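Trainee: Need coordinates for the following:
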Amino acid sequence: MLVLDAGVENYAIAATNTYLNISESYAEGARKMTKSTVKNQTIDFIIGDVESLLLKDRKFDLGLCGSIENLPEPYQALSELIRVTK
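Mentor: Modelled structure (predicted):
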């Protein structure tokens, strides 16, 4: 199962294949956390904007985004998550 975690702030990272955050520091914090807590799993850490994902259509089985309602364009973010999810 391919899972996209779009800035859920490490809550679901153990189940994640791709972690996306607009903040380099949050992505780095997630990367450091996974070194000590997640074993035998490859996670891609990418910097990007959930409102404009540079990812292939229908790539993921599940897309997660915490606090989507706090984004400047929550409906655009939702649209992008739907686009990249099967």
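
Trainee: buried ones in the longest helix anywhere in the chain?
Mentor: Determined from DSSP state H, the single longest helix within the chain is helix 24-37. Buried positions in helix 24-37, judged by neighbour count with 16 or more other Cβ atoms under 10 Å: 26, 27, 30, 34. The way it works is simple: take the backbone N, C-alpha and C, and place the C-beta from them, glycine included.

Trainee: try stretch 68-82
Mentor: Within stretch 68-82, the residues that count as buried by 16+ other Cβ under 10 Å are 68, 71, 77, 78, 80, 81.

Trainee: where along the protein do the strands fall?
Mentor: 3-6, 18-21, 44-47, 62-64 (DSSP state E).

Trainee: elements contacting the second one?
Mentor: Taking 3 or more Cβ pairs under 8 Å, 6 or more residues apart in numbering; DSSP states H and E as contact, the helices and strands that strand 18-21 lies on are strand 3-6, helix 24-37, strand 44-47.

Trainee: Could you list the paired strands of it along with their orientation?
Mentor: When pairs are called by DSSP bridges, strand 18-21 turns out to pair with strand 3-6 (parallel), strand 44-47 (parallel).
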